[in-house]
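Peer 1: Next come a sequence and a model predicted from it.
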Amino acid sequence: MDKEVKKRQSAGAELFGWAQSLIWVLLALILVSSFFVRISGVSGDSMFPTLHNGDRILVQLWGYDSPQRGDIVVIMAPHYDDAPLVKRIIAMEGDTIEVVDGGLVMVNGEEVIEGYINEQSFMQGTMSYPFVVPEGCVFVMGDNRNHSADSRSVEIGPLKVDDIIGKAFFRIMPLSGFGGI
């Protein structure tokens, strides 16, 4: 065999090897993003100062089956918008929530200490309080209460636990904010 033919065969084999590796990596990424972890974007300022408009976050899909108060979740609000919302769980099923004038949030008669909010809220929303969170639901709010569409609005209201896509746990972009949430 002539050197030129061997060289072309070797280059072709190397190119095939790279393409095969790339396909396996892409398949692994698809598998991981479908079942385990997903990258999601933050749209708007409703979670400021915790998260900012345009942030990219990792969302735990697999293994997140016990939502807790204080978790930041990506959730669908089926009667509000087609895009997922990023919000904080404030109350769980069976909890009684009250949002008092001046923004004070009470869950089961106790004030929720919220060091993460942007500023005191001036909005109670359109819900009637006290409100008992229905079975299988969560009550979510943004950290930037004066600029957040959340469960305080009857348009969104309490959301089903089944509508939670996953828990936000890590910011990947911008690099200046890289790290755990």
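Peer 2: Sure thing, it's come through. If you're wondering where the values come from, they're calculated on a predicted model, not measured in any experiment. Residues are numbered from 1 along each chain as shown.
Peer 1: How much space separates the closest residue to residue 94 other than its chain neighbours from residue 113?
Peer 2: Leaving out its chain neighbours, the residue that sits closest to residue 94 by Cβ to Cβ, 6 or more residues apart in numbering is residue 133, at 6.4 Å. For every residue, glycine as well, the C-beta is placed using N, CA and C. Counting by Cβ to Cβ, to the nearest Å, the separation of residue 133 from residue 113 is 19 Å.
Peer 1: rewinding a little: the residue nearest to residue 94 is in contact with residue 92, isn't it?
Peer 2: Yes - if you go by Cβ atoms under 8 Å, residue 133 and residue 92 touch, sitting 6.3 Å apart.
Peer 1: Need the overlap of contacts for the two.
Peer 2: Common neighbours of residue 133 and residue 92, using Cβ atoms under 8 Å, 6 or more residues apart in numbering, are residue 139.
Peer 1: and those two? which has more neighbours close in?
Peer 2: Comparing residue 133 with residue 92 by other Cβ atoms under 10 Å, the one with more neighbours is residue 133, at 21 against 17.
Peer 1: Check what pLDDT that one gets.
Peer 2: On the pLDDT scale, residue 133 is placed at 98.
Peer 1: same check, this time on residue 101
Peer 2: So, for residue 101, pLDDT stands at 75.
Peer 1: Then residue 156?
Peer 2: So, for residue 156, pLDDT stands at 94.
Peer 1: Phi and psi next, for it.
Peer 2: Per-residue torsions, residue 156: phi -100, psi -60 (degrees, to the nearest 10).
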